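J.: can't give you the sequence, but here's the structure:
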């Protein structure tokens, strides 16, 4: 009956080698079963939070069968769980290249890309973790602890950061916090060797996170010895022959001789015919086994070469994707700043000066086109003087009210100064400094009052309020 190749799916008549893809189907089926068994073993380890053991099993599974996309996807999930987002994405990309349809890897990659904020947190956690490593090399464990706590806040299941934090606590001899952090790692990955090593240093006699319990031993019953024979009743396998019975015994010498001759002939035939055929069959079997072993080694070496080539190609693709992500991020930032500037320009054109200033804020125009930068400067050059004069007028109204609202006047003058000092040759700057200083002096904020009186007298020596300002300054000094 026709045979279906488990690798390419083609049918052929007979044999253990597929004539289409040249794969040894017996070897392929065996390696696939071993890979699936390791995948199932990893699932069992994940159920008991043995993530390190699961990673080991899954790595072996995909090294045996690179096409086992389920094992590669699960390996990515486990790596993502312990904070290795880059390794997880790498395995999902490889899996998606092996199998483009009905593959969960595409969904995982899409989910990570959609949740850009979470990925950014993971990247920040890794960056801070690397900074903490440098701090430890420089023997600055206090700074390392601060940064590692930040990394763990960004990614609570970042096992490497938690282990490094445990080491920092051990350096500072804070055994309580070190034990708590080690327990936290073991709650995520119950067989993490680094955490187990730290925990054994902290409490050599305890087992982390587990009760020792009571050992229960069931005794084995000894087999009963056979009873001794009673005296006077000897038991023997031999039967005593009496004289009259011996006379009746017939030995059939001819039959015995024929039996002996038949045995000798049979042994001769076996030696001449059977044994050489057995030896020939054994040699043929050994030859087949050596041939199979040679083919297996060749197939394995080809798989390794193909795997290394695929990994190199995917690393190149990842580098290209990384550069594309950075390029798109730069473009998005430029577009976002351009939108803010254009929105502020439209608000200013509609007469909504305050909203235009709030929209443009401190937008950086570096890297933007010259016309956009000119519009941003136009918004500032037009809106800042208007807004400064508007707040100055409102401050004067509050200052001269009866009774005066000095707190409101202070706030309005400070807002006016915020925009006025960014305008070249603001015409009301002398008046603004004068009334700001008077407002501060009347609400007993004398340090600020002295500062602005001195500025006003130094920058505007010909101001009409020069002498009143001088007299007030001398009075509050």
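T.: Right, received. Where do you want to start? Given the structure is predicted, the values throughout are model-derived calculations rather than measurements.

J.: only C-alpha atoms for contact and neighbour calcs from this point on.
T.: Will do.

J.: neighbours around residue 34, how many?
T.: 16 (other Cα atoms under 10 Å).

J.: hmm, it is touching residue 60, no?
T.: No: distance between residue 34 and residue 60: 9.5 Å, which falls outside the contact criterion (Cα atoms under 8 Å).

J.: tell me which residues in stretch 76-86 are buried?
T.: Using 16 or more other Cα atoms under 10 Å as the test for burial, stretch 76-86 gives 76, 77, 78, 79, 80, 81, 82, 83, 84, 85.

J.: was I right about the last one contacting residue 79?
T.: Yes: using Cα under 8 Å, residue 85 is in contact with residue 79, at 6.6 Å.

J.: now do the shared contacts for those two.
T.: When Cα atoms under 8 Å, 6 or more residues apart in numbering defines a contact, no residue borders residue 85 and residue 79 alike.

J.: which regions of the protein lie under the pLDDT threshold?
T.: For the chain, applying pLDDT under 70 flags the ranges 1-16, 19-20, 22-26, 204-262, 264-280, 323-324, 327, 360-362, 365.

J.: which elements pack onto the helix or strand residue 319 falls within?
T.: Element membership of residue 319 [criterion: DSSP states H and E] is helix 275-349. Where contact means 3 or more Cα pairs under 8 Å, 6 or more residues apart in numbering; DSSP states H and E, helix 275-349 is packed against helix 85-98, helix 353-360, helix 370-400.

J.: that helix: how far from the chain's middle?
T.: Put simply, helix 275-349 sits 18 Å off its chain's centre (Cα atoms, centre = their mean, to the nearest Å).

J.: how about the residue nearest the centre of the chain: what's its closest non-neighbour residue?
T.: What sits nearest the mean C-alpha location of the chain, by Cα atoms, centre = their mean, is residue 84, with 2.1 Å. Spatially, and ignoring its direct neighbours in sequence, residue 84 is nearest to residue 158 (7.9 Å; Cα to Cα, 6 or more residues apart in numbering).

J.: next, the one you found: phi, psi?
T.: Main-chain torsions, residue 158, degrees, to the nearest 10: phi -80, psi 90.

J.: count of neighbours near residue 402?
T.: Residues near residue 402, counting by other Cα under 10 Å, number 8.

J.: this protein: strands as residue ranges?
T.: Using DSSP state E, the strands found in the chain span residues 3-4, 11-12.

J.: if I look at residue 147, how far off is residue 85?
T.: Per Cα to Cα, to the nearest Å, residue 147 is found 19 Å from residue 85.

J.: what's the answer for residue 347, then?
T.: From residue 347 to residue 85 the distance is 43 Å (Cα to Cα).

J.: list the contacts of the residue nearest to residue 344 when sequence neighbours are not counted.
T.: Computed as Cα to Cα, 6+ apart, the closest residue to residue 344 that is not its neighbour in sequence is residue 356, at 4.2 Å. By Cα under 8 Å, 6+ apart, the contact set of residue 356 is 343, 344, 345, 346, 347, 348, 379, 383.

J.: ok, now with 10 Å
T.: 340-350, 379-380, 383-384 (Cα atoms under 10 Å, 6 or more residues apart in numbering).

J.: over to residue 66?
T.: Residues near residue 66 by Cα under 10 Å, 6+ apart: 32, 35, 59, 60, 72, 94, 95, 98, 303, 304, 306, 307.

J.: PyMOL command to pick out the buried ones of those residues?
T.: Buried members of the contacts of residue 66, defined by 16+ other Cα under 10 Å, are picked up in PyMOL with:
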select buried, resi 32+35+59+60+72+94+95+303
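
J.: now do the helices in the stretch 1-150 of the chain.
T.: Remark: helices assigned in the stretch 1-150 of the chain by DSSP state H, counting those that start in this stretch are 25-47, 51-64, 69-81, 85-98, 104-114, 116-137, 141-154.

J.: switch the ones you listed over to JSON lines; also include distance to residue 366.
T.: Shown next, in JSON lines, are these (distance: least, Cα to Cα, whole Å):
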{"stretch": "helix 25-47", "distance to residue 366": "50"}
{"stretch": "helix 51-64", "distance to residue 366": "46"}
{"stretch": "helix 69-81", "distance to residue 366": "37"}
{"stretch": "helix 85-98", "distance to residue 366": "31"}
{"stretch": "helix 104-114", "distance to residue 366": "28"}
{"stretch": "helix 116-137", "distance to residue 366": "24"}
{"stretch": "helix 141-154", "distance to residue 366": "31"}
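
J.: isn't residue 349 right up against residue 379?
T.: Yes: counting by Cα atoms under 10 Å, residue 379 is a contact partner of residue 349 at 9.2 Å.

J.: the two: who's more crowded?
T.: It is residue 379, of residue 349 and residue 379, that has more neighbours when counted by other Cα under 10 Å, with 23 against 12.

J.: from residue 393, how far off is the more buried one?
T.: 21 Å.

J.: kindly report the same for residue 297.
T.: Using Cα to Cα, residue 297 is found at 90 Å from residue 393.

J.: could you list the domains of the chain?
T.: 3-114, 127-202 (automatic domain parsing).

J.: mind putting these into JSON lines with distance to residue 413?
T.: Listed next are the domains of the chain as JSON lines, based on distance: least, Cα to Cα, whole Å:
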{"stretch": "domain 3-114", "distance to residue 413": "46"}
{"stretch": "domain 127-202", "distance to residue 413": "41"}
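
J.: so which of the ones you listed is nearest residue 449?
T.: Checking those against residue 449 by Cα to Cα gives domain 127-202 as the closest, at 41.3 Å.

J.: any idea how far apart the tips of that closest one sit?
T.: Chord length of domain 127-202, first to last residue, is 29 Å (Cα to Cα).

J.: so how far is that domain from its chain's centroid?
T.: The answer for domain 127-202 is 16 Å, by Cα atoms, centre = their mean.

J.: thinking again about what came up before, of the helices of the stretch 1-150 of the chain, which is nearest residue 286?
T.: Across the helices of the stretch 1-150 of the chain, the minimum distance to residue 286, taken as Cα to Cα, is reached by helix 25-47, at 17.2 Å.
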